[in-house]
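Peer 1: below: sequence and its predicted model.
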Amino acid sequence: MNEDNFVPVYLFTGFLEGGKTTFIQKTLEDKRFNNGDRTLLLICEEGMEEYDTKDFEKSHIYPRVIEDKDELNPINLQKLYTEVHGQRVMIEYNGMWTMNDLLNALPDSWAIYQIMNFTDANTFLNYNQNMRSLVVDKLSNCELTVFNRFDKATMDKMEFHKIVRGVSRRCDIAYEYTDGTSEYDDIEDPLPFDINADTIEVEERDYALWYRDINEEPEKYDGKRVHLKAMAAMNPKFPKGTIALGRKIMTCCVEDITFCWLASLCDEQLDLTKPKWFDVTFTVKMQKHKLYKGKGPVLVVEKLTPAEAPLQEVATFY
């Protein structure tokens, strides 16, 4: 399908009373955004703030409430879109529903153009402590997260910053302060290893950060030499001379621990009937590989030395 034929979807996520409704209302009243396109507004949760709908019809805005997650399916969504002769979609998403619930429900012709997350700064830390998996779910793919009602006098930006950066380095962060001013986050996040060193030394505690960084910006590692501790594993379906080098990473909770690895070329004959730990030195090559179904960072192994498992075998981002 040609990109021009996709239905643009603007997605607004976050927990109840986070400020989604207010922002969407202002956006729809902005003539720079609302230029007459027929807009299907899907409301997946209703908080204290309500939409002012008096000008919606003449502005070609058609709100529809999704009261139950069962209504979130491709057939129903396409039906609503067709009924209003829509040209684009805006979704105020329920913070207690996962992103996969939504992605699996979108019709094939719908494409998410933008994701913004809104959070009440007064409740964010509690949500992160008690519903970490849902916080990670919402931060993982958003382009911007906005902390509303942020009190400069009593709240520490760094505390909020670290939580977001523990999930995504790409997400922009903005603070809407209680005094009516706003500000973008400008805290620098230097990597804990020297990307320009002759050999990049990745400490055990920093594997998760390195793995995320090489996946987000693989081109900058092309030709770089790296030394780290990793687990080597083998699958009979791997091409000859290929092994997996990686570590288990926990993003938010025990349930999401995953072995995060990269395709690695190794000439040594290794007994990997069970995964084993090694100190490994390799050079990163951006090239095509069958395990990537295209181009990706392939680790060309120079040296493998058997090693003891780290004290903390599961890597984390914090």
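Peer 2: Perfect, thanks for sending it.
Peer 1: okay, CA-based contacts and neighbour counts for the rest of this
Peer 2: Fine.
Peer 1: am I right that residue 268 falls within a helix?
Peer 2: No. Counting by DSSP: H, G, I helix; E, B strand; the rest coil, residue 268 is not found in a helix; it is coil.
Peer 1: quick one: contacts for the residue most central in space within the chain?
Peer 2: With distances taken as Cα atoms, centre = their mean, residue 140 lies nearest the centre of the chain, 2.0 Å away. By Cα atoms under 8 Å, 6 or more residues apart in numbering, the contact set of residue 140 is 167-168.
Peer 1: quick one: it from residue 268, how far?
Peer 2: For residue 140, the distance to residue 268 equals 37 Å [Cα to Cα, to the nearest Å].
Peer 1: and what of residue 156?
Peer 2: As judged by Cα to Cα, residue 156 and residue 268 stand 50 Å apart.
Peer 1: quick check: phi and psi on the residue nearest to the centre of the chain?
Peer 2: Backbone geometry at residue 140, expressed as degrees, to the nearest 10, gives phi -60, psi -40.
Peer 1: for it, give me the pLDDT.
Peer 2: For residue 140, the model assigns a pLDDT of 88.
Peer 1: could you shift the numbering so residue one becomes 320, and keep it that way?
Peer 2: I'll keep to 320 as the first residue from here, and by that count the last item is residue 459.
Peer 1: excluding its backbone neighbours, what's nearest residue 423?
Peer 2: Nearest non-adjacent residue to residue 423, counting by Cα to Cα, 6 or more residues apart in numbering: residue 392, 7.5 Å away.
Peer 1: quick one: contacts for residue 340?
Peer 2: By Cα under 8 Å, 6+ apart, the residues touching residue 340 are 368-370, 411.
Peer 1: could I get the pLDDT score of it?
Peer 2: Per-residue pLDDT puts residue 340 at 94.
Peer 1: that one falls within a helix, correct?
Peer 2: Yes. Assigned with three-state DSSP, residue 340 falls within a helix.
Peer 1: mind listing the helices for the stretch 420-569 of the chain?
Peer 2: Under the criterion DSSP state H, counting those that start in this stretch, the stretch 420-569 of the chain contains helices at 440-449, 451-458, 476-484, 526-535.
Peer 1: of all those, which lies closest to residue 465?
Peer 2: The minimum distance between residue 465 and these falls on helix 440-449, with 8.9 Å, by Cα to Cα.
Peer 1: angle of that closest one against helix 451-458?
Peer 2: Here helix 440-449 runs at an angle of 120 degrees relative to helix 451-458 (axes from the mean of the first three to the mean of the last three Cα atoms, to 10 degrees).
Peer 1: buried residues, helix 440-449. List them.
Peer 2: Within helix 440-449, the residues that qualify as buried are 440, 443-444, 447, counting by 16 or more other Cα atoms under 10 Å.
Peer 1: ok, and what's touching it?
Peer 2: With Cα under 8 Å, 6+ apart as the test, helix 440-449 has contacts from 454, 466-469, 479.
Peer 1: between these, which is nearest residue 576?
Peer 2: For the contacts of helix 440-449, the residue nearest residue 576 by Cα to Cα is residue 454; the value is 16.2 Å.
Peer 1: what score does the residue of the chain positioned farthest from its centre have for pLDDT?
Peer 2: Most distant from the centre of the chain: residue 588, at 37.3 Å, with distances by Cα atoms, centre = their mean. Residue 588 carries a pLDDT value of 90.
Peer 1: can you tell me how far it sits from residue 550?
Peer 2: In terms of Cα to Cα, residue 588 sits 16 Å off from residue 550.
Peer 1: can you check residue 468 too?
Peer 2: 44 Å.
Peer 1: who has more neighbours, these two?
Peer 2: Ranked by neighbour count (other Cα atoms under 10 Å), residue 468 and residue 550 place residue 550 first, with 22 against 19.
Peer 1: hmm, residue 593 and the more buried one touching each other?
Peer 2: No. At 10.1 Å, residue 550 does not count as touching residue 593 under the criterion of Cα atoms under 8 Å.
Peer 1: how about the strands of the stretch 520-637 of the chain, start to end?
Peer 2: Counting by DSSP state E, counting those that start in this stretch, the stretch 520-637 of the chain has strands at residues 544-552, 561-569, 577-584, 595-608, 613-625, 634-635.
Peer 1: pull up the pairing partners for the last one, direction included.
Peer 2: Under the criterion DSSP bridges, strand 634-635 sits next to strand 561-569 (parallel) in its sheet.
Peer 1: repeat that for the first one.
Peer 2: Here strand 544-552 has these sheet partners by DSSP bridges: strand 519-520 (parallel), strand 561-569 (antiparallel), strand 595-608 (antiparallel).
Peer 1: all set now, cheers.
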